[in-house]
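> Got a predicted model here, sequence first, then my questions.
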Amino acid sequence: MRSKAIASRIIRQFIRDKRTLALMLIAPLFILTLVSLVFNGKDYHPTIAFVHVPKKIIQTLDTKDTHIKTMEQKRAQTAIHNGDIDAIVSNDQGTLKVLLEGSDPSTNQAILQWLQKQQLKGQPGKNLSVHYLHGGKDLNSFDNFGSVLLGFFVFFFVFIVSGVSFLRERTTGTLERLLSTPIRRGEIVCGYIFGFGLFTLIQSTLVTWYSINVLNMWMVGSFWLVLLIIVLLALTALTLGTLLSAFANNELQMIQFIPLVIVPQVFFSGLFKIDTISDWISWIAPFMPLYYGADALRNIMLRGNGFADITLDILALCGFILLFVVLNILVLRRYRKL
């Protein structure tokens, strides 16, 4: 009978807690649906540009698993630098030269296997010369995904720590006491951001340095640009975490935001090619902060791009930060109008 009473209490408690009930029943379905859409999407077919290759050879190629284009040398070089094509195959005095974009090991391997299948090699090592625009033959999967994971883990931990910390400020009455003073909402939000931001900067610097110098993550760009992107991602997570903490009453409810806010960003961050995800859901990617952060980190660490090449990503992250700051200020109205 005592066990029955305890079970009845737990059942009533769950029924009253609609958010926890939804997390148990709906969140797994949501995540499984995302996984299904990601892994059951379209196959990625690399795009290869042929330059000065005889038409007779091109006409014999099997284009089932790849996209073939014929281009002039200058146009092909521009396209591969912009990421519009994955490789250039050119004919130079009887030798077929292959220039791979190089930043994705799986794509590199797929292209080389396809070329071998088409019997373009002839005599290996003599009539096929392989070069890399970015990366190289030593680039592995960790190097490819590492830049994305670097941004993700910083985003994840800052989101959790800032959200729970700001929630504690509310539950302990600290925020209420602040709101009883003449201080303005904007000053409160900025104060919390600057306070948490100091430790966010320390964390970002430590994680970035450790990943590059200790884990030997592939790095050909500027360390300071990587640090800039990591700090912007951390500030985005900080402002988002404090914003969502306003809708949580305890630490458990704050953790419940992870399947809805953090997990989807993994699928749209670049760990999986956006081109292969179902069209009707891939449009969500540009609304994810990690989408821009991961793109910038890959461009810096794998391709060695400079500030001008990641300007759009920087502006997008700054826009997210500003948006979340404004929303934080507006949300404080539920406590008191200042």
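Structure received.
> Now do the SS call for the residue nearest in space to the middle of the chain.
Residue closest to the average C-alpha location in the chain (Cα atoms, centre = their mean): residue 269, at 2.5 Å. What DSSP: H, G, I helix; E, B strand; the rest coil gives for residue 269 is coil.
> now do residue 326
Quick answer, by three-state DSSP: residue 326 is helix.
> same thing with residue 249?
Following three-state DSSP, the label given to residue 249 is coil.
> contacting residues around it?
Applying Cβ atoms under 8 Å, 6 or more residues apart in numbering to residue 249 gives the contacts residue 171. For glycine as for every other residue, the C-beta is placed from the backbone atoms N, C-alpha and C.
> That one and residue 243, how far apart?
For residue 249, the distance to residue 243 equals 15 Å [Cβ to Cβ, to the nearest Å].
> For this structure, just list every one of the strands.
47-51, 67-70, 87-92, 95-100, 128-132 (DSSP state E).
> okay, the ones you listed, which one's buried deepest?
Most buried of the strands of the chain, by mean neighbour count (mean count of other Cβ atoms under 10 Å): strand 47-51, with a mean of 21.
> Sheet-wise, list the partners of it with their directions.
Applying DSSP bridges, strand 47-51 is found paired with strand 67-70 (parallel), strand 87-92 (parallel).
> With mean pLDDT and distance to residue 236 as new columns, can those strands be given to me in TSV?
As requested, the strands paired with strand 47-51 are exported to TSV (pLDDT from 0 to 100; distance: least, Cβ to Cβ, whole Å):
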stretch	mean pLDDT	distance to residue 236
strand 67-70	85	35
strand 87-92	84	34
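> so residue 170 makes contact with residue 176?
Yes - contact criterion Cβ atoms under 8 Å: residue 170 and residue 176 qualify, at 7.5 Å.
> returning to that earlier point: phi and psi next, for the residue nearest to the centre of the chain.
The phi/psi pair for residue 269 (degrees, to the nearest 10) reads phi -90, psi -10.
> if we can go back for a sec, would CSV of the strands paired with strand 47-51 with distance to residue 154 be doable?
Output for the strands paired with strand 47-51, formatted as CSV (distance: least, Cβ to Cβ, whole Å):
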stretch, distance to residue 154
strand 67-70, 35
strand 87-92, 33
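> And the ones you listed: which comes nearest residue 227?
strand 87-92 (32.0 Å; Cβ to Cβ).
> Just want the angle from that closest one to strand 95-100.
Angle, strand 87-92 to strand 95-100, by axes from the mean of the first three to the mean of the last three Cα atoms, to 10 degrees: 160 degrees.
> Residue ranges in the stretch 151-300 of the chain under the pLDDT threshold?
Within the stretch 151-300 of the chain, the set of residues satisfying pLDDT under 70 is empty.
> Check the stretch 1-150 of the chain too.
Those would be 1-2, 41, 94, 119-127, if you go by pLDDT under 70 across the stretch 1-150 of the chain.
> could you redo the last one with a cut-off of 90?
1-74, 76-78, 80-84, 88-99, 101-147 (pLDDT under 90).
> Going by residue numbers, what spans are helices in it?
2-16, 18-25, 27-39, 55-59, 73-81, 105-117, 141-171 (DSSP state H, counting those that start in this stretch).
> thinking again about what came up before, mind putting the strands of the chain in TSV, distance to residue 273 included?
TSV is the format used below for the strands of the chain (distance: least, Cβ to Cβ, whole Å):
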stretch	distance to residue 273
strand 47-51	12
strand 67-70	14
strand 87-92	16
strand 95-100	16
strand 128-132	19
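> can you pull the buried residues of stretch 291-306?
Within stretch 291-306, the residues scored as buried using 16 or more other Cβ atoms under 10 Å are 291-303, 305.
> from the residues you listed, which is closest to residue 116?
Closest to residue 116 out of these is residue 302 (24.7 Å), distances taken as Cβ to Cβ.
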